[in-house]
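Peer 1: No letters, just coordinates:
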């Protein structure tokens, strides 16, 4: 399958920009988490607040860049992305509510980040399936 066949030149550029923002935000989140962890640097005070503010700014910037990617995408790519986001939102909702009930039955507590991981995995899988569906589904040898 060639996913690239579904991207215009503008779509490919916007996707690259979005990916760079995602990587920067993910690294900032991981760095912030480690910087404030008692096991690592255990930062507190003004420096910790600055690190958190920069991380949140990068996360917000990522949303802005993604919205531009969606707004400028052609109809097919927009459909694939929005279908994938819908599947991810639904799966995340079921996971969060369902697992909360499981916790009440005695399952170990999970962090809020765990639902995010489920959503990202479903979003990625749904994008793959959407690209496969609309590119003809052929798999190259």
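Peer 2: Perfect, thanks for sending it. Small disclaimer: the values here were computed from a predicted structure and weren't measured. Numbering: from 1, shown residues only.

Peer 1: Low-confidence stretches in the protein?
Peer 2: Where the chain drops to pLDDT under 70, the residues are 1-4, 137-141.

Peer 1: one more time with 50
Peer 2: Scanning the chain with the threshold set as pLDDT under 50 gives 1, 139-141.

Peer 1: Tell me where it has helices.
Peer 2: In order along the chain, the chain carries the following helices (DSSP state H): 9-36, 46-72, 75-104, 112-134.

Peer 1: what sits against the residue nearest in space to the middle of the chain?
Peer 2: The centroid of the chain falls nearest to residue 120 when counting by Cα atoms, centre = their mean (4.8 Å). Going by Cβ atoms under 8 Å, 6 or more residues apart in numbering, residue 120 touches residue 88. C-beta: built from backbone N, CA, C; applies to glycine.

Peer 1: now it: how far from residue 26?
Peer 2: Noted for residue 120: a distance of 10 Å to residue 26, by Cβ to Cβ, to the nearest Å.

Peer 1: can you count the residues close to residue 48?
Peer 2: As a burial measure, residue 48 scores 15 neighbours (other Cβ atoms under 10 Å).

Peer 1: For it, which non-adjacent residue is spatially closest?
Peer 2: In this structure, residue 48 finds its nearest non-sequential neighbour in residue 36, 5.5 Å apart by Cβ to Cβ, 6 or more residues apart in numbering.

Peer 1: Same question for residue 87.
Peer 2: residue 126 (4.2 Å).

Peer 1: measure the one you found to residue 95 for me?
Peer 2: Between residue 126 and residue 95 the computed distance is 14 Å (Cβ to Cβ).

Peer 1: which ones are touching the closest residue to residue 17 other than its chain neighbours?
Peer 2: Of all residues not flanking residue 17 in the chain, residue 65 sits nearest, at 5.6 Å (Cβ to Cβ, 6+ apart). Counting by Cβ under 8 Å, 6+ apart, residue 65 makes contact with 14, 17-18, 21.

Peer 1: of these, buried ones?
Peer 2: For those, a burial check counting by 16 or more other Cβ atoms under 10 Å picks out 14, 18, 21.

Peer 1: if we can go back for a sec, count of neighbours near the residue nearest to residue 87?
Peer 2: Using other Cβ under 10 Å, residue 126 has 20 neighbouring residues.
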